[in-house]
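S.K.: Okay, structure incoming, though there's no sequence with it:
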């Protein structure tokens with residue numbers, strides 16, 4: 001049934017499950033990958049090397065600034081955590097899913113049960129918006145563009161912003177992300193090739209663009 005045909009208050013668990021399972025995730029034989037990395041902000045450039053293992057441990061080498069190594073590692077981890085295959089029941093087995101309204105972003109999905117208070121929007125089997133309560137704040141993520149890998153979709157352009165969970169007032173400005181992915185190996189394990197982050201403060205004033213580049217990428221074989 002198309003999203004627009006759902007009535008407000010009806011069960012839309014199966015529809016949300018389709019969108020969840022349509023996300024791209026790595027094959028079970030994924031053991032990690034490595035390569036060179038570059039961090040750029042304005043005229044500041046750092047170059048190093050990295051590896052990321054299948055258990056999501058990251059190591060950045062040849063960069064002496066600990067703040068930059070942690071920043072690069074966090075971007076790699078943030079992307080990788082969403083590529084790990086986890087079953088719908090493991091993640092959402094304790095939740096209920098009820099349809100809300102429909103707008104240009106998609107069908108609103110209201111979550112009850114274990115994750116009560118969270119919400120999503122879905123459209124054409126894609127999760128187009130996320131509202132999740134995390135660490136005492138509400139994070140909103142809005143997907144603008146995706147990459148269809150033929151094995152699931154990857155979000156390539158999206159923005160995120162933190163809000164107060166009670167007042168719904170913004171706690172931070174928006175962050176705009178632009179990601180590019182590249183397939184590695186015979187089984188096409190898609191990994192992050194570059195990321196651009198544009199940050200805005202609460203007044204809408206933007207800071208210098210941060211860019212991350214990952215090159216000479218190779219899968220870890222053992």
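M.R.: In hand now; what should we look at? Small disclaimer: the values here were computed from a predicted structure and weren't measured.
S.K.: What count of nearby residues applies to residue 136?
M.R.: Neighbourhood size, residue 136 [other CB atoms under 10 Å]: 9. Quick note: C-beta positions are derived from backbone N, CA and C, even for glycine.
S.K.: Tell me which helix or strand residue 79 sits in.
M.R.: Secondary-structure assignment from DSSP states H and E places residue 79 in helix 66-80.
S.K.: Check which helices and strands that helix is in contact with.
M.R.: Helices and strands touching helix 66-80, by 3 or more CB pairs under 8 Å, 6 or more residues apart in numbering; DSSP states H and E, are strand 32-41, strand 44-53, strand 58-61, strand 189-199, strand 210-219.
S.K.: Kindly reformat the ones you listed as CSV containing mean neighbour count and distance to residue 170.
M.R.: Formatted as CSV, the helices and strands packed on helix 66-80 follow (neighbours: other CB atoms under 10 Å; distance: least, CB to CB, whole Å):
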stretch, mean neighbour count, distance to residue 170
strand 32-41, 19, 24
strand 44-53, 16, 28
strand 58-61, 16, 30
strand 189-199, 18, 13
strand 210-219, 16, 20
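S.K.: Output these as JSON lines; include the columns mean pLDDT and distance to residue 16.
M.R.: Shown next, in JSON lines, are the helices and strands packed on helix 66-80 (pLDDT from 0 to 100; distance: least, CB to CB, whole Å):
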{"stretch": "strand 32-41", "mean pLDDT": "97", "distance to residue 16": "30"}
{"stretch": "strand 44-53", "mean pLDDT": "96", "distance to residue 16": "29"}
{"stretch": "strand 58-61", "mean pLDDT": "96", "distance to residue 16": "31"}
{"stretch": "strand 189-199", "mean pLDDT": "97", "distance to residue 16": "23"}
{"stretch": "strand 210-219", "mean pLDDT": "97", "distance to residue 16": "31"}
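S.K.: could the ones you listed be laid out in a markdown table, adding distance to residue 105?
M.R.: Listed next are the helices and strands packed on helix 66-80 as a markdown table, based on distance: least, CB to CB, whole Å:
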| stretch | distance to residue 105 |
| --- | --- |
| strand 32-41 | 31 |
| strand 44-53 | 32 |
| strand 58-61 | 32 |
| strand 189-199 | 21 |
| strand 210-219 | 26 |
